[in-house]
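Visitor: here are the coordinates; sequence isn't available:
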């Protein structure tokens, strides 16, 4: 699934760049609340829903966060990262790219059987463009374009590989259905021939 490519990329961006001073053993909440001027409890609870708060509290490595949770984190995280704080226009663009990635992810996850093959290919291409833009913005904010350029290549290859596999699975399913129908038709013709 395309999301399987996006998740590790977001995890690395957040844990290695955005939350660069977060300890591996502390939760995101602990990290946020040890900042010089932490968020208020009420603001924290406005940003994250109950399920997200439970995920934050139970996963200090942040490796089980989904795209929706990463999206919810971006605004609050930007307040505590000096590079992001000094690039508000770029951060707004990052938020917009993540919002679009989240929308595609939601469409894929919540309506998988209703998506025609062409729409899935469109989503894959959109995801490649969005992740390229996202990684370019992150590279500009954090001064790590070499790393983000390398990650873009990985993301593109993985999405292309997933789409090629999906195409092969689709073709195999189509061939199976057609061959089953042909076999059934042949059996019906044979039965009709025998009983004539």
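Guide: In hand now; what should we look at? Owing to the predicted nature of the structure, the values given are computational and were not obtained by experimental measurement.
Visitor: which ones are touching residue 80?
Guide: 32, 35 (Cβ atoms under 8 Å, 6 or more residues apart in numbering). In this view, the C-beta of every residue, glycine as well, is placed from N, C-alpha and C.
Visitor: any idea how far it lies from residue 32?
Guide: Using Cβ to Cβ, to the nearest Å, residue 80 is found at 7 Å from residue 32.
Visitor: the bottom helix or strand of the protein by mean pLDDT?
Guide: For the chain, counting by mean pLDDT, DSSP states H and E, helix 145-194 ranks last in confidence among helices and strands (a mean of 64).
Visitor: just the helices in this protein please.
Guide: 3-13, 28-33, 41-47, 50-58, 67-79, 82-85, 88-110, 117-142, 145-194 (DSSP state H).
Visitor: Residue 48 reaches residue 70, doesn't it?
Guide: No: judged on Cβ atoms under 8 Å, residue 48 makes no contact with residue 70 at a distance of 11.6 Å.
Visitor: residues contacting residue 123?
Guide: 2, 104, 107, 108, 115.
Visitor: isn't residue 59 right next to residue 69, touching?
Guide: No: using Cβ under 8 Å, residue 59 is not in contact with residue 69, being 9.5 Å away.
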